[in-house]
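*Asks:* Next input, structure requested:
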Amino acid sequence: MTQPGMPAQPKTIVLAVDSLAPDDVPELIERMGPGMVRGKATIILCDLARLADPDMATVDALARLALRARRMGCAVNLRDPSTELLELVGLAGLGEVLPCAADSGLEVIGQAEEREESLGVEEERDAPDPAVAQLEHLD
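*Replies:* Now for the predicted structure:
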């Protein structure tokens, strides 16, 4: 029971993962469905300590899980991800989408590079050739 004026603590669903593929996401969401109530703060904590051999398909599945969870008003945090998985998440540019839990002891380092927008194509010319300029009157 929360005190009036105090924010409610978010509900946490722990999801232990030993393997994960993109095709597994709909079933996971369905299994967690009763705990994920739209409009109530819920955090899905993916315990990845037993995850073996992560690859880009794993990162894809985690990103899909995060997307589906966000659509329901929930957040996804990674707990105990391997260094290899963190490198893949960083390589995919999903460090902000798939953050580590505060107690995981790991965090994604670095930030996405900000680029300036290109303003269009700039063409360069060679300086006029004086010899050609002298021959132009012969046309």
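*Asks:* Which of the helices and strands in this protein ranks last by mean pLDDT?
*Replies:* Ranked by mean pLDDT, DSSP states H and E, the helix or strand of the chain with the weakest confidence is helix 130-135, at a mean of 66.
*Asks:* list the contacts for Gly77?
*Replies:* Not Gly; residue 77 is Asn. Contacts here follow CB atoms under 8 Å, 6 or more residues apart in numbering; on that basis Asn77 touches 43-46, 99-101. In this view, the C-beta of every residue, glycine as well, is placed from N, C-alpha and C.
*Asks:* quick one: which of the residues you listed sit in strands?
*Replies:* Judged by DSSP state E, strands contain the following of the contacts of Asn77: 43-46.
*Asks:* now those residues in JSON lines, with distance to Asp24 and neighbour count?
*Replies:* Putting the ones in strands among the contacts of Asn77 into JSON lines (distance: CB to CB, whole Å; neighbours: other CB atoms under 10 Å) gives the following:
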{"residue": "Ile43", "distance to Asp24": "20", "neighbour count": "16"}
{"residue": "Ile44", "distance to Asp24": "14", "neighbour count": "24"}
{"residue": "Leu45", "distance to Asp24": "17", "neighbour count": "18"}
{"residue": "Cys46", "distance to Asp24": "12", "neighbour count": "23"}
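*Asks:* Quick check: of those, which lies closest to Gly93?
*Replies:* Nearest to Gly93 out of these is Cys46 (CB to CB; 18.7 Å).
*Asks:* out of the contacts of Asn77, who's nearest Gln9?
*Replies:* The nearest member of the contacts of Asn77 to Gln9, counting by CB to CB, is Ile43 at 10.0 Å.
*Asks:* Show me where this structure dips below the pLDDT cut-off.
*Replies:* 1-8, 34-41, 102-139 (pLDDT under 70).
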